[in-house]
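S.K.: Below are the sequence and a predicted model for it; my questions follow.
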Amino acid sequence: MNLAIWRQDLSLNSPRSANVYRLLAMTVSTCFALSPKLATADTIQPWPDVIIAAPVAKGLLVSGEIIGRIADDAHPSQLETRAQVGHVFSKKFTGWVGWVHFANYIPHAPNGREDQLVEQLNWNVAAAGPLRFLTRTRLEQRFIRGIDETSWRWRQQVRVTYALGGKKAPSAVLWSEPFLSLNRTAAQSHTLDQLRTFVGVTVPISPHVDFECGYLNQRIYRSNATIVNDAIPIILTVRF
């Protein structure tokens, strides 16, 4: 990564930087203003997220990710850490395998823990003018503290982006991701275990750094209730 170019792009005195920061401020404020006041979601959760990916050999990648899901004192918070190794099969397909750890901080109860073995396939499906269509398929083997059985889950994200200008311009983003239980355990009582839907914007800060922010609606389906969370993901992605 050319740090001199990065520093120049982030300079507060440059016209491009001023436009980027103005757009980021407008995006975040709009996300908060337009968030629906759902009956079962009392607060909006910030979800800060940092992703770092780098090639280590021809066609071989490594990535690391840390996500905080921060709730108030009445709702669980979560810290997710993810490490993956990927292989680029072609311009359209990249496969990943990795390990994920979740630390769940539950108010007035013992903290929870979950580990996952994950297999993932990213597919750049098609492009049509400013539109791009992408999918991400994940198969999770979930090892949850206090539950003897392994929980198997399928996640299928469908993502659409719309470029708002040239190569350096922001893109509007829309994606949806159902989580489907493949077996029944104490942790998985519904076939549709969870549904996440996101709308936002991705801003290229430099050739190697992207910033993404928007509104995310999360629905978690349980036997006795549907839990609804409103979140503002704030995602910084660095690719070397």
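M.R.: Yes, it's here.
S.K.: so which helix or strand takes in the closest residue to residue 133 other than its chain neighbours?
M.R.: Excluding the flanking residues, the one nearest residue 133 by CB to CB, 6 or more residues apart in numbering is residue 125, at 4.3 Å. In short, each C-beta sits where N, CA and C put it, glycine included. According to DSSP states H and E, residue 125 maps onto strand 112-128.
S.K.: helices or strands up against that strand?
M.R.: strand 77-88, strand 93-105, strand 131-144 (3 or more CB pairs under 8 Å, 6 or more residues apart in numbering; DSSP states H and E).
S.K.: The longest one: how far from the chain's middle?
M.R.: Averaging C-alpha positions (CA atoms, centre = their mean, to the nearest Å) puts strand 131-144 10 Å from its chain's average.
S.K.: neighbouring contacts of it?
M.R.: Identification of contacts with strand 131-144 by CB atoms under 8 Å, 6 or more residues apart in numbering yields 100, 112-127, 150-163, 177, 187.
S.K.: same deal with the second one?
M.R.: Where contact means CB under 8 Å, 6+ apart, the residues beyond strand 93-105 that reach it are 61, 63, 76-89, 111-124, 140.
S.K.: Give me the buried subset of those residues.
M.R.: 61, 63, 77-78, 80, 82, 84, 86, 114, 116, 118, 120, 122, 140 (16 or more other CB atoms under 10 Å).
S.K.: For residue 167, state which of the residues you listed is nearest.
M.R.: residue 122 (20.5 Å; CB to CB).
S.K.: Which strand residues bridge the closest residue in space to that closest one that isn't next to it in sequence?
M.R.: Distances taken as CB to CB, 6+ apart put residue 94 closest to residue 122, at 4.5 Å, once the chain neighbours are dropped. Beta-bridge pairing for residue 94 (DSSP bridges): residue 88, residue 122.
S.K.: again, but for residue 77
M.R.: Going by DSSP bridges, residue 77 forms beta bridges with residue 105.
S.K.: For it, give its distance to residue 231.
M.R.: 12 Å (CB to CB, to the nearest Å).
S.K.: Identify the contacts common to those two.
M.R.: Shared contacts of residue 77 and residue 231 (CB under 8 Å, 6+ apart): residue 69.
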